[in-house]
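Chemist: how would this look folded up:
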Amino acid sequence: MAHLARDSLLFTNNEHFHHIYHHLFFSSLFAMAIPPILRDTAPPPVIQNTTTSNSSAPPTTDAAGPTHKAGSTPQCRGGNSRTRWDDSEIGPLKYKRSDYEPFLQVDLRNSRVLVDIDKFSERVLRIPFPETRSDKFCTTDARLNKLVDAIYGDAQFKNFLQVFLARCRHFGSVETSLYALHADMNNRAMEMIEAEYPGLEPIRFYRNDPKVLMGGILNRKNLSPDMFGVFKALFDGSETNLTKEKVKEALDVFAEPVYSSIYWAMVLLLLEGKDGDCTLWDGRDGFRMLDPVTKKDPIHLSAPEPRPRRKPTSQSRPAYLEASTQSLGSTAPKRQGPIGQSLPAIREEAEDEEEPIELPVRRRRVPDDMAKAHNQCARYGFEALSVPALRDSFVMHLFDRNRVQVLYYSHSLMLTSTAIDLEKEEHVKRFIALLVSHHRLTMRERGVLPVLDQAESFLRTYQFFADRERTGHKVVDRRNTYCGITMTLPLPDGSRSIKVTLGPLIAQEPGIIGRSTCVFEATSEEWPGMKLAVKLSWPGEKRTSEAVFLEAAKKAAAGDAAPGERHWVLDHLPNLLLTHDFATEADSTEARIAQMLSGAEFAGDKAFSYEHRVLRITIHELLFPLETLTNVQDVAQVFADAIQCHGWLYKCPGILHRDISMSNIMYRIKADGRICGVLNDFDLSSFLQHLGDNAQSTSHQRTGTPPFMAMDLLVGEYEEVPKHLYRHDLESFFYVMIVFMSHYELCQPEPPKKKTKSSSPPPRAYIQPHLVSLRDAKAIFFTSAKDLIKENLSPSFQAIAPWLLKIRSMFGAGVNARATHARALEVWEMEKSTIQRNGSKRPSRFAVPSAQAGKRPEPFDNVTLGGAVSYNKFMGGAENLPFGQDMVFNFFADLP
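Modeler: Predicted coordinates:
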């Protein structure tokens, strides 16, 4: 085909835009390698199971597409993607924690709730506490109560607990000395729990620090959780798993042998330790749920409690500390511990060896230490929930010396318990009950999704996942980890199920709160010979499905087409083959939390809106991204097709896309070689009659990609978001065109050279200026007299510059008109206030005769910026391009 013989489109560090790199707006656009997003949220939950479908036969006239690999082929990636893969040999781009820290800060500020430990344990860990809270530990499960008492009375467990508490009181000790002691105490309890529940999969805890967990999104620095809990089967001596000796060798040698660390996909829960006495969250900068009966504020239950510590009488360590144990993975001398080894002698007199003396507590900045600790834990939750398609919730423990706090992360909220104090008997029993519940939870109650057919192998078999990530000492591209993994989905009518085989991971939106979309290439015998894209996401339950919008569009197209003809717009819509929403069980953890928060009261009369989300899986025809286009006319045609499709959707079925970004403008190739632009990803779309409806609006977070968002929508965190208008999407189209045509250059393909890079990789700048500053910079861009577009466009796209200049002039006229009207209105209001103050208006000798003198200015048409912005004006510049007469135009309308 002629398409395959054209020039190739390569990224270039265009020297034309470097000289204005300091400009805020162009810093946001021209220097970005991956745009940040602001995620969608949804209203309070209505828990139900819905399954919708829009199945259609795969097109038989379409060609296979480009033979070269699409460097960034994100089907339905759009504004819900923060990770973009690089074409170069280094595989996926590596990001620093600072890239995602602003988003985690928003999540921590808006979606974190502090609840009483008993309520937390009841809803998340399914410990049946009575309705009325009591300081004395007691549940309605007699078997659990008996087991907790047995573990608490066990001599070996008491010894481990005493050694741990003694180290906590030891003056000058550091947190690393607590890891092994805490793990030993937990593992002794787990041995007794395993004996009581022999039919369930046992769990063991191991020290991990200073090693990193592998297979994550961010760079490896600062991703070393102190301890982890995994299934015991992961390290047993079975044929499919590593032997315990092999794991000890791998973990104890810090030279990273073949199996040098654990992967995020294998971890059941994490334990993070601190030694500051002030790192547990007390709920001051979030939501605190009051006790439903007493209405007490739980803030005092986790407040910082500096405690006196023991000071040894000599420089040597006390004997009972020398007898302490050490878990796998430590670089210190090997330990004797609870996993098949001998135990240290029980020292009941340990507490009496030294008299406690009051010592000054180290001066610590409590807010800073608390924030740092929970930011760190949020990063761990971020990584755990970013393992594609594996889990939708995650639990971890944060212990600060003798106090423990339990954290729960999901795509809807962050739930934090009040503290457990291991110095108190009843609190120790609560802690033991937590360990019992971790053992008794089912895979689904642990947050593991019923999506991947091999999901449990990720958690139980070390080599199953590790061999996919690594081959010998060489790290394999993380995109290929899921190749060959299958998922089984039911058809809409429920008659049977289909099996889909996953290929490379082509796009992902890692995150905690939000849709957290991931997209895979895939194949299925249901659609033989067709390349598919499988998208998994967690949209708000009340968010209208993409299938509904596409069904409405196809229905409108059938009514708008001439008899016996196929409507042109169908070539520019995505081909959605199947969509399925996974049901949320009535007794699921998410439902139990939603029930707890429903009608709950919060400290300070705050209102928390729980956003229930559903797992939605959609299967599409695989499309191609803009980056793989090879001809400047094709680039212009793809943009024109997408804009025409967008305008038709607005006029005919009444659909506004609302998420225009570079990733949502794609293309397909017909059998005759014709390239058709496709407007993709309708996850955030709205019907016009629902615009402004609370059912489709967001509560805490905005929707869109800031560099591509219209300037009116870039408001401060506490400002009201205006209604989304048609011209806002037109403005986003304009920004996408600028970004694309400034980032890419058409180059002649060169013969491959061994070990040689033909062009510089994309810059890794991830610039997220303040939204209000970005809005002001865009306004300046439209009204500036300097020709910033033509100066910064790549040479290959200079032919399209007249179109872009005309669009900029159109928006500039509208922005100026609105500013002029605002000034006129301000002058009129000042004159009106002067008249009211003086009783009459004094005649001015400088007055200019005018028919409008003294009259209030007419209301400004904000929909079209005073009539300056319309679809016809936007598209008019395309027809006047040098190749405009050869372009295809199907839609003509004076919108809006």
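
Chemist: contacts and neighbour counts: CA atoms only from here.
Modeler: Fine.

Chemist: pLDDT at the residue minimising distance to the centre of the chain, what is it?
Modeler: Here the mean C-alpha position of the chain is nearest to the C-alpha of Gly511 (C-alpha atoms, centre = their mean), at a distance of 2.1 Å. pLDDT for Gly511: 83.

Chemist: Quickly find the element holding it.
Modeler: Following DSSP states H and E, there is no helix or strand that holds Gly511.

Chemist: my guess is it contacts Phe382, does it?
Modeler: Yes - if you go by C-alpha atoms under 8 Å, Gly511 and Phe382 touch, sitting 5.4 Å apart.

Chemist: Return the set of buried residues in the longest helix belonging to the chain.
Modeler: Counting residues, the longest helix in the chain under DSSP state H turns out to be helix 801-838. Using 16 or more other C-alpha atoms under 10 Å as the test for burial, helix 801-838 gives 801-804, 806-808, 810-818, 821, 825, 828, 832.

Chemist: Likewise for stretch 556-574?
Modeler: By neighbour count, and taking 16+ other C-alpha under 10 Å as the criterion, the buried residues in stretch 556-574 are 556-558, 567, 569-574.

Chemist: re the thing from before, now find how far off-centre the longest helix of the chain is within its chain.
Modeler: Chain-centre distance of helix 801-838: 39 Å, with C-alpha atoms, centre = their mean, to the nearest Å.

Chemist: Low-confidence stretches in the stretch 351-500 of the chain?
Modeler: By pLDDT under 70, the low-scoring segments of the stretch 351-500 of the chain are 351-367, 466-467, 469-478.

Chemist: where along it do the strands fall?
Modeler: Under the criterion DSSP state E, counting those that start in this stretch, the stretch 351-500 of the chain contains strands at 393-400, 403-410, 414-417, 420-421, 470-471, 474-475, 486-490, 497-508.

Chemist: What mean pLDDT does the host helix or strand of Val739 get?
Modeler: Applying DSSP H and E as the criterion places Val739 in helix 726-743. Average pLDDT, helix 726-743: 92.

Chemist: and the angle for it with helix 801-838?
Modeler: The directions of helix 726-743 and helix 801-838 differ by 140 degrees, with axes from the mean of the first three to the mean of the last three C-alpha atoms, to 10 degrees as the criterion.

Chemist: and the longest helix of the chain, what's its mean pLDDT?
Modeler: For helix 801-838, the mean pLDDT works out to 88.

Chemist: and that helix, what other elements does it pack with?
Modeler: Helix 801-838 makes packing contacts with helix 726-743, helix 771-783, helix 788-792, helix 871-879 when contacts are defined by 3 or more C-alpha pairs under 8 Å, 6 or more residues apart in numbering; DSSP states H and E.

Chemist: and those, which is most packed in?
Modeler: By mean neighbour count, with neighbours taken as mean count of other C-alpha atoms under 10 Å, helix 726-743 ranks first of the helices and strands packed on helix 801-838 at a mean of 22.

Chemist: Need the contact partners of that one.
Modeler: With contact meaning C-alpha atoms under 8 Å, 6 or more residues apart in numbering, helix 726-743 is reached by 11-14, 17, 29-30, 639, 643, 650, 656-662, 707-710, 712, 789, 792-794, 797, 804, 807, 863-864, 869-871, 874, 896.

Chemist: Mind checking which of these are buried?
Modeler: When neighbours are counted using 16+ other C-alpha under 10 Å, these contain these buried positions: 11-14, 17, 29-30, 639, 643, 650, 656-662, 707-710, 712, 789, 792-794, 797, 804, 807, 863-864, 869-871, 874, 896.

Chemist: which residues of the stretch 51-200 of the chain fall in strands?
Modeler: Secondary structure of the stretch 51-200 of the chain by DSSP E, counting those that start in this stretch: the strands cover 112-115.

Chemist: can you give me the helices in the stretch 601-750 of the chain?
Modeler: All helices of the stretch 601-750 of the chain, identified by DSSP state H, counting those that start in this stretch, fall at 632-651, 726-743.

Chemist: Kindly apply the preceding question to the stretch 251-400 of the chain instead.
Modeler: Counting by DSSP H, counting those that start in this stretch, the stretch 251-400 of the chain has helices at residues 319-322, 366-385.

Chemist: Quickly compare the ones you listed and say which is most buried.
Modeler: The highest mean neighbour count among those belongs to helix 366-385 (a mean of 20), with neighbours defined as mean count of other C-alpha under 10 Å.

Chemist: which strands and helices sit next to it?
Modeler: Looks like helix 366-385 contacts helix 97-110, strand 393-400 (3+ C-alpha pairs under 8 Å, 6+ apart).

Chemist: Include distance to Tyr667 and mean neighbour count when you put these into JSON lines, please.
Modeler: Written out in JSON lines, the entries for the helices and strands packed on helix 366-385 read as follows (distance: least, C-alpha to C-alpha, whole Å; neighbours: other C-alpha atoms under 10 Å):
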{"stretch": "helix 97-110", "distance to Tyr667": "30", "mean neighbour count": "17"}
{"stretch": "strand 393-400", "distance to Tyr667": "35", "mean neighbour count": "23"}
